[in-house]
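Novice: Show me the folded form of this:
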Amino acid sequence: MKFTYNPNFLAVFFLLLFSLFALKDLARPGFYTSHDGETHVARIAQYYQALSDGQIPPRWAKTLNGGFGSPIFVYIYPLPYLFGSVIHFFGFSFTDSFEILIALTFIFSAIFTFLWLKEVFKSTNAAFVGALFYTWVPYRFSLIYVRGSISESLAYTFVPALLWSLTKLSKNINLKTMSLAGLFTAAVLLSQNLVAYMVLPWIIFYVLTLGILRKSRVFFLAASLAGFWGLLIASVTYIPVIFERGLIRFDEKFVLVYKSHFVAVSQLIHSPWDYGFSLPSINDGMSFQIGLAHILAMFLALTVILLVFLKNNKSLSSIFDHLVLSPSKLESVLSTFFFLILIVSLFFLLETKATVFFWKYFEPIQFIDLPWRFLGIAALATSFLAAFVTKAVKSRILAILLITAVIIANRNHLRINQSVYFNDGHFLQFEGTATQFNEFNPKTRRSSVVPDDFVSPIESIKGKIYLTDFYQKSNVLTFKSENEKPSRIQVNLLKFKGWQVFIDGQKFTDDYSLVDESFYFTYRPDIDTSGLYDLIVPPGKHNFIFKYQETPLRASANAISALSLILALAIIVKKRHAEV
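Specialist: Next up, the predicted model:
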């Protein structure tokens with residue numbers, strides 16, 4: 001019975017209860033329309049197929065790009081698709097797996113934020129209010145119901161988890177907490193690279209702030225090692241991204257995208273809730289609200305911060321004593337820190353001359369394609385400020401007011417737009433790019449347009465040849481050939497570093513001495529056939545095998561990630577057993 005009435009248990013219970021209310025529309029039959037939902041489900045299906053075919057880790061998506069395949073998983077954040085594949089493994093459809101996972105991101109965001117804020121404020125009420133503000137925010141509902149961005153939702157789940165582990169580490173430096181912080185660092189990195197790019201600089205400043213307040217150089221060292229540990233775990237993706245980025249057209253596709261996606265001040269305060277897209281100027285079809293309750297929390301926090309700053313002023317001391325408790329130095333400094341984060345985040349996304357000038361000349365920020373993505377960081381900052389106000393002000397009525405305000409302000413954001421229905425086969429045979437600009441298209445191919453004129457995986461170009469026993473998985477393609485004279489064929493598979501071609505067990509190379517000038521002509525000149533396998537087949541009966549194999553660089557990245565992950569998990573499990 002004591003456990004039943006534990007305030008922490010009750011807080012988590014009500015966070016779950018409010019989460020069920022917020023997520024109830026996901027329980028509707030079928031799937032729902034969104035900006036990126038179908039794309040993410042296709043990636044889950046392709047990732048699951050790759051795992052089933054023995055790709056560990058998955059690198060090549062079999063049916064994307066009109067069936068030519070894609071190296072998308074060499075470069076993209078894998079964690080959303082790994083988790084989605086695990087859920088699908090237990091019998092759920094791909095669309096249900098997506099909905100379950102995106103619901104879990106909402107629930108665990110609340111739990112991790114509660115743990116983090118409880119660690120900072122030592123107040124159940126403050127942690128509860130902050131966790132509610134972090135999840136019940138327009139941007140989070142936009143991620144779920146408008147954009148269908150499972151990757152951002154997952155990344156923002158692990159951000160408070162990382163902050164929680166770092167806060168714990170600042171109080172008690174030990175190997176278990178270091179490994180936990182390393183795991184959560186890797187989780188952020190592998191959930192969504194843009195969120196990691198935006199958030200990690202602020203987390204570094206958070207570590208610096210905690211270290212200065214604790215006056216602990218050892219904490220700086222421990223946090224730095226934890227961060228490096230996380231990078232090692234994330235090597236599976238980031239080493240190829242860094243060293244093999246030149247193989248794809250990513251950098252060509254995201255030049256100056258940000259220019260059309262700044263936000264007006266009026267849109268931050270109030271913009272109609274809709275399910276359209278981000279457009280130039282203020283003609284957007286989606287909302288960019290901070291949240292009315294969050295604006296209230298922001299101004300209340302500013303007032304309390306100023307009162308704390310002026311507490312030694314005799315004329316204000318009576319007001320301070322009656323309204324505000326004495327927050328600790330840690331709470332006061334961190335509240336100021338997060339208020340500054342909020343202001344800077346809003347500066348980065350607003351359409352002002354100063355902001356446009358900054359984005360134009362500070363090129364590192366241009367990697368973030370959509371300035372309004374900073375609303376996610378603003379949500380994190382306002383959740384901390386809401387918790388700070390709840391802890392600092394001597395009034396349960398205010399806490400109830402904030403809880404009521406955040407629920408009422410977001411009551412109309414809890415619904416899907418329109419139901420749609422897809423079976424699993426739709427995603428297992430998905431032939432789109434599953435990207436915005438086909439940015440993972442190899443440079444071996446000139447065109448970025450998804451082909452639709454290739455009805456056969458192998459085409460005979462020149463000569464009489466019989467092709468039989470065709471078989472294809474995501475990482476293997478095999479067939480047999482029989483021809484009396486040299487022939488020329490086209491295998492409709494994208495050339496990419498890692499694919500190897502074998503004939504009769506030997507590595508294949510074209511022997512042009514077998515053919516004359518009649519073989520040298522452009523096949524289907526009206527269609528782009530670049531970047532595909534164009535082979536000269538010698539006479540006879542042959543067995544062809546196309547096999548994807550990890551490059552030495554990717555294999556090294558895999559080994560670094562696996563060893564780093566195993567070490568972190570082993571430390572956590574060993575310490576847990578020791579405690580038991």
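
Novice: Please spell out the segments of the stretch 301-450 of the chain that come in under the pLDDT threshold.
Specialist: 311-325 (pLDDT under 70).

Novice: which stretches of it form helices?
Specialist: 314-323, 329-349, 353-361, 375-392, 396-409, 424-428 (DSSP state H, counting those that start in this stretch).

Novice: Buried deepest among those helices, which one?
Specialist: For the helices of the stretch 301-450 of the chain, the largest average neighbour count (mean count of other CB atoms under 10 Å) is found in helix 375-392, namely a mean of 28. All C-beta atoms are positioned from the backbone trio N, CA, C, and that covers glycine.

Novice: returning to that earlier point: out of the helices of the stretch 301-450 of the chain, which comes closest to Tyr75?
Specialist: Shortest distance between Tyr75 and the helices of the stretch 301-450 of the chain, using CB to CB, is found for helix 424-428: 20.3 Å.

Novice: Neighbouring strands - and their directions - for the helix or strand following that closest one?
Specialist: Using DSSP states H and E, the helix or strand that follows helix 424-428 in sequence is strand 458-462. Partners of strand 458-462 in the sheet, by DSSP bridges, are strand 487-494 (antiparallel).

Novice: and the strand it pairs with, C-alpha only, in CSV?
Specialist: Taking Å, rounded to 0.1, in the frame of the first residue of the first chain, the C-alpha atoms of strand 487-494 are listed here in CSV:
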residue,chain,number,x,y,z
SER,A,487,26.3,-11.1,-75.3
ARG,A,488,25.6,-7.8,-73.5
ILE,A,489,23.2,-7.5,-70.6
GLN,A,490,22.1,-4.8,-68.2
VAL,A,491,21.4,-5.7,-64.5
ASN,A,492,19.1,-3.1,-63.0
LEU,A,493,21.0,-2.7,-59.8
LEU,A,494,22.7,0.5,-58.7
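
Novice: Give the other helices and strands that the helix or strand just after that strand contacts.
Specialist: Following strand 487-494 in sequence order, the next helix or strand is strand 499-503 (DSSP H and E). Contacts defined by 3 or more CB pairs under 8 Å, 6 or more residues apart in numbering; DSSP states H and E place strand 499-503 against strand 540-548.

Novice: which secondary structure elements does the following helix or strand past the strand it packs on contact?
Specialist: Note on strand 540-548: by DSSP H and E, the next helix or strand toward the C-terminus is helix 552-579. For helix 552-579, the elements it packs on are helix 175-191, helix 217-233, helix 235-243, judged by 3+ CB pairs under 8 Å, 6+ apart.

Novice: which one of those helices lies closest to Phe479?
Specialist: Nearest of those (CB to CB): helix 235-243, 29.1 Å.

Novice: Out of the helices and strands packed on helix 552-579, indicate the one that is most buried.
Specialist: helix 175-191 (a mean of 24).

Novice: between it and helix 552-579, how many degrees?
Specialist: 140 degrees (axes from the mean of the first three to the mean of the last three CA atoms, to 10 degrees).

Novice: which intervals of this structure have sub-threshold pLDDT?
Specialist: 1-5, 253, 311-325, 575-580.

Novice: mind putting the helices and strands packed on helix 552-579 in a markdown table, distance to Phe114 included?
Specialist: Listed next are those as a markdown table, based on distance: least, CB to CB, whole Å:
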| stretch | distance to Phe114 |
| --- | --- |
| helix 175-191 | 15 |
| helix 217-233 | 22 |
| helix 235-243 | 29 |
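
Novice: Gly58 reaches Val74, doesn't it?
Specialist: Quick fix: residue 58 reads Pro, not Gly. No: the criterion here is CB atoms under 8 Å, and Pro58 misses it with Val74 at 9.2 Å.

Novice: Which one's more surrounded, these two?
Specialist: Val74 (28 against 25; other CB atoms under 10 Å).

Novice: Find the residue closest to Gly230 in space, skipping its chain neighbours.
Specialist: Closest residue to Gly230 apart from its sequence neighbours, by CB to CB, 6 or more residues apart in numbering: Thr185 at 2.6 Å.

Novice: contacting residues for the residue lying closest to Glu459 once chain neighbours are set aside?
Specialist: Closest residue to Glu459 apart from its sequence neighbours, by CB to CB, 6+ apart: Gln490 at 4.6 Å. Contact partners of Gln490, counting by CB atoms under 8 Å, 6 or more residues apart in numbering, are Ile458, Glu459, Ile461, Tyr523, Thr529, Leu532, Tyr533, Asp534, Leu535.

Novice: Helix or strand: which one has the last one?
Specialist: In this case it means Leu535. Assigned by DSSP H and E, Leu535 falls within strand 532-537.

Novice: And the nearest residue to Phe243 once chain neighbours are set aside, how far from Glu244?
Specialist: Once flanking residues are discounted, Phe243 sits nearest to Leu553: 5.9 Å by CB to CB, 6+ apart. Leu553 is 7 Å from Glu244, where distance means CB to CB, to the nearest Å.

Novice: So for those two, which sits in the more crowded spot?
Specialist: Remark: of Leu553 and Glu244, Glu244 carries more neighbours, 19 against 15, as counted by other CB under 10 Å.

Novice: Hmm, the more buried one is touching Val74, no?
Specialist: Yes: the pair Glu244 / Val74 is scored as a contact, 7.0 Å apart, by CB under 8 Å.

Novice: ok, back up a step: which strands or helices does the strand holding Leu535 pack on?
Specialist: If contacts are counted by 3+ CB pairs under 8 Å, 6+ apart, strand 532-537 sits against strand 487-494.

Novice: Many thanks, I have nothing further to ask.
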